[in-house]
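Student: Just the structure for this:
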Amino acid sequence: MGTEKSFIDRIISSHYFQKAMEKAEAVFMHDKLGMLGLLQKALVKVQELAATSNISVVKLLNHYIVLFSELIKAYIAGTYKKLPAITLVKMVAVLVYFISPFDFIPDVLPFVGFTDDLAVVLWVGKSIKNELDEFEKHANV
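Tutor: Numbering: from 1, shown residues only. Next comes the predicted model:
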């Protein structure tokens, strides 16, 4: 029996996600203003998606994108520093990946195009659930 990679493992080991991680590291380390622009693009994209769809997975995606954005903004502002930098870089990478129309499953494909985006958002969200809950309590998001 072979060892097949899971869907999320295939996405995070893909060229697309690796490029998102590289860009996230560069933006996180050297371009705070660029990071704020990235947050704005991600929020606009998820709001547009939420406005055109009423399905619960889009609402979940919207929740996490907004939460990640608020946490990153709080980190930049210096009001919340409880997460390690690598965790914040992963959140930024997810946002970079999310706004890119060409990724593991291109967003232009109806219905399935956001499957990979949702998978990486949930992967990060699940991996830091306790920290996100703590931030929500702290920030009253």
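Student: May I have the secondary structure class of residue 81?
Tutor: coil (DSSP: H, G, I helix; E, B strand; the rest coil).
Student: Report the separation between residue 34 and residue 84.
Tutor: 21 Å (CB to CB, to the nearest Å). (Each C-beta comes from the backbone N, C-alpha and C, glycine too.)
Student: Contact partners for the residue most central in space within the chain?
Tutor: With distances taken as CA atoms, centre = their mean, residue 94 lies nearest the centre of the chain, 3.1 Å away. Going by CB atoms under 8 Å, 6 or more residues apart in numbering, residue 94 touches 20, 68, 120-121, 124.
Student: Next: residue 123.
Tutor: Residue 123 makes contact with 8, 12 under the criterion CB under 8 Å, 6+ apart.
Student: For the host helix or strand of it, buried residues please.
Tutor: Following DSSP states H and E, one finds residue 123 within helix 115-127. If you call a residue buried by 16 or more other CB atoms under 10 Å, then helix 115-127 has these buried ones: 116-117, 119-125.
Student: Repeat that for stretch 52-59.
Tutor: residue 58.
Student: which residues are in contact with it?
Tutor: With CB under 8 Å, 6+ apart as the criterion, stretch 52-59 contacts 49-50, 114, 118.
Student: Filter those down to the buried ones.
Tutor: 49-50, 114.
Student: which other residues reach the helix or strand bottoming out on mean pLDDT in the chain?
Tutor: When each helix and strand of the chain is scored by mean pLDDT, DSSP states H and E, helix 129-139 comes last, with a mean of 89. Outside helix 129-139, the residues within contact range by CB under 8 Å, 6+ apart are 67, 70-71, 74, 80, 82-83, 87, 125, 141.
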